[in-house]
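Quick one, fold the following:
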Amino acid sequence: MALSGAATAFTRLDSFSAWQSKYGAVTILKIFLTVILIGFGAIHRRWIIASDLPSVFRLITAEIAIMFGTIFVGSWLSTISPPEREIVLTPGLLVTGIELPPEPTLSRILFSYEIDGLMLGLLIFVVALYIKGVIILSRRGVKWPIGRTLAFAAGISAVDFATSGGLGLYSHFSFSAHMSAHMVIGMIAPIGIVLGAPITLALRTLPIGRDTQERGVRGSFIALLHSKLGRFYTNPIVALAIFDGSLFALYFTPLFGNLMQGHTGHFVMSIHFLLAGILFFQILIGIDPMPQKVPHLVKIIIIFAAMSIHAFFSISIMSASTLIDGGYFAQLERPWATDLLADQKLGGSIGWAMGEIPILLALLATFIQWSRADKKEANRIDRASDRAAAMGEDDELAQYNRYLSELNKKDLRE
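Below is the predicted model of the structure:
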């Protein structure tokens, strides 16, 4: 409730002068008292068991006083009208619910911020779960690699930039910005999230059943991961179809124009891009346990297929002679980048450039993983050979050669 009230206040007080008004001053006072009340609540929980009753009663009395003061300030705030601001209804505002931003520049894209409430709330929830998992491991004395945490934070930050940041803001008004945001959400952010190993963290921290008969949250999660549905979606061919095939189903059908018309459609597209990217890169370079192990050669084939399909998709957009947005961007009547077809072609070229780089990085990572796996297997064979020699036994290679020799002798006798 406190966060929702603060968010409402920030939407009404969107300038420095608005915060200097009477409404802004009372809002600051209410936020200050609410923070104090939360602090009293935290202290109360710590002291209620350890301290004596008189101290607890004094704390409760002070807490009640602050609570009534907060309620009084809130009631007072409800009697004060927020500062009025002149709203100019433009086609862009009527269609998107967001005021049309000025012509995009590098600084505006990097530093503008228009909150996407649904996505931001989801990201905060996911980050809170991740932090809680790290804290649980820390309390057990288990050190979670800082590199994984930083990678996960980078991935989440990229999603926030592409949805609530300047790139996310301009993605509502320009196809090229939309395609850039799509590439960040679906190609760049998933790499960081996957390298953060969220599944491994969940498996280590989720509560288990109270006995062998109870599956528990962790057991249910493992069962889902290894179910037929989990094995189906983690099949590399299925992941490739979702990752690249859905591009054609979205952008070359009326679905794209329909989803662009509302905030819910934007949210659905963002979630799809993100989940498809996470699934694809998890199978290729993920460090989390998966239901089925994909051979490195298959991974490389999938990567080359993804590169080819993505290039064909981008070239199709660049060579299109008509708009594919169903008239969405035309109805915004923006005063900048008025050549919509040129902006669409620019979006196709951006999608090609930004999409190929992460896939090439995945290809490089796959080669490195393959090389390390071969080296690890060679070391295992060497250790087995050394143990066999120390015990006066044949190693695996000698046993296999002897087996072939016996088969050959048997064939000669027959």
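
What residues sit buried inside stretch 285-293?
For stretch 285-293, a neighbour-count test (16 or more other CB atoms under 10 Å) marks 285, 286, 288, 290, 291 as buried. For glycine as for every other residue, the C-beta is placed from the backbone atoms N, C-alpha and C.

average pLDDT across that stretch?
Average pLDDT, stretch 285-293: 84.

And for stretch 322-341?
88.

So what would you say the end-to-end distance of that stretch is?
With CA to CA, to the nearest Å applied, stretch 322-341 spans 7 Å between its terminal residues.

quick one: low-confidence parts of the stretch 101-250 of the chain?
209-214 (pLDDT under 70).

Could you list every helix and strand in contact with the helix or strand hosting residue 238?
For residue 238, the host element (DSSP states H and E) is helix 236-240. The helices and strands touching helix 236-240, judged by 3 or more CB pairs under 8 Å, 6 or more residues apart in numbering; DSSP states H and E, are helix 263-285, helix 296-318.

so of the ones you listed, which one's packed in deepest?
helix 263-285 (a mean of 20; mean count of other CB atoms under 10 Å).

okay, the angle between it and helix 296-318?
Helix 263-285 and helix 296-318 are oriented at 150 degrees to each other (axes from the mean of the first three to the mean of the last three CA atoms, to 10 degrees).

Using PDB, list the CA coordinates for helix 263-285.
Extracted C-alpha coordinates of helix 263-285, given in PDB (Å, rounded to 0.1, in the frame of the first residue of the first chain):
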ATOM      1  CA  HIS A 263      -0.200  -1.400 -23.000                       C
ATOM      2  CA  THR A 264      -1.300  -5.000 -22.400                       C
ATOM      3  CA  GLY A 265      -0.100  -5.900 -25.900                       C
ATOM      4  CA  HIS A 266       3.300  -4.400 -25.300                       C
ATOM      5  CA  PHE A 267       3.600  -6.300 -22.000                       C
ATOM      6  CA  VAL A 268       2.600  -9.600 -23.700                       C
ATOM      7  CA  MET A 269       5.200  -9.000 -26.500                       C
ATOM      8  CA  SER A 270       7.900  -8.200 -24.000                       C
ATOM      9  CA  ILE A 271       7.200 -11.200 -21.900                       C
ATOM     10  CA  HIS A 272       7.200 -13.500 -25.000                       C
ATOM     11  CA  PHE A 273      10.500 -12.000 -26.200                       C
ATOM     12  CA  LEU A 274      12.100 -12.500 -22.800                       C
ATOM     13  CA  LEU A 275      10.900 -16.000 -22.100                       C
ATOM     14  CA  ALA A 276      11.800 -17.100 -25.700                       C
ATOM     15  CA  GLY A 277      15.300 -15.700 -25.300                       C
ATOM     16  CA  ILE A 278      15.800 -17.200 -21.900                       C
ATOM     17  CA  LEU A 279      14.700 -20.700 -23.200                       C
ATOM     18  CA  PHE A 280      16.900 -20.500 -26.300                       C
ATOM     19  CA  PHE A 281      20.100 -19.300 -24.500                       C
ATOM     20  CA  GLN A 282      19.500 -21.600 -21.600                       C
ATOM     21  CA  ILE A 283      19.700 -24.600 -23.900                       C
ATOM     22  CA  LEU A 284      22.800 -23.200 -25.700                       C
ATOM     23  CA  ILE A 285      25.000 -21.700 -22.900                       C
END
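
helices or strands up against it?
helix 117-139, helix 146-163, helix 189-195, helix 236-240, helix 246-251, helix 255-260, helix 296-318, helix 340-390.

As a markdown table, those helices with distance to residue 172 would be great.
Below are these laid out as a markdown table (distance: least, CB to CB, whole Å):
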| stretch | distance to residue 172 |
| --- | --- |
| helix 117-139 | 13 |
| helix 146-163 | 10 |
| helix 189-195 | 19 |
| helix 236-240 | 29 |
| helix 246-251 | 17 |
| helix 255-260 | 8 |
| helix 296-318 | 19 |
| helix 340-390 | 13 |
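
Quick one: closest of these to residue 215.
Across the helices and strands packed on helix 263-285, residue 215 has its closest neighbour in helix 117-139 (19.6 Å, CB to CB).

Could you check the angle the closest one makes with helix 263-285?
Using the same axes, to 10 degrees: helix 117-139 against helix 263-285 is 40 degrees.

Dump helix 117-139 to CSV, restricted to CA.
Output of helix 117-139 as CSV, limited to C-alpha atoms (Å, rounded to 0.1, in the frame of the first residue of the first chain):
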residue,chain,number,x,y,z
GLY,A,117,4.2,-0.5,-14.0
LEU,A,118,3.5,-4.1,-14.9
MET,A,119,7.0,-5.0,-16.1
LEU,A,120,8.7,-3.0,-13.3
GLY,A,121,6.6,-4.7,-10.7
LEU,A,122,7.5,-8.1,-12.1
LEU,A,123,11.2,-7.3,-12.3
ILE,A,124,11.2,-6.1,-8.6
PHE,A,125,9.5,-9.4,-7.6
VAL,A,126,12.0,-11.5,-9.5
VAL,A,127,15.0,-9.6,-8.1
ALA,A,128,13.5,-9.9,-4.6
LEU,A,129,13.3,-13.7,-5.0
TYR,A,130,16.9,-13.9,-6.3
ILE,A,131,18.2,-11.8,-3.4
LYS,A,132,16.3,-13.9,-0.9
GLY,A,133,17.9,-17.1,-2.4
VAL,A,134,21.4,-15.6,-2.1
ILE,A,135,20.7,-14.6,1.5
ILE,A,136,19.5,-18.1,2.3
LEU,A,137,22.7,-19.6,1.0
SER,A,138,24.8,-17.0,2.8
ARG,A,139,23.1,-17.9,6.1
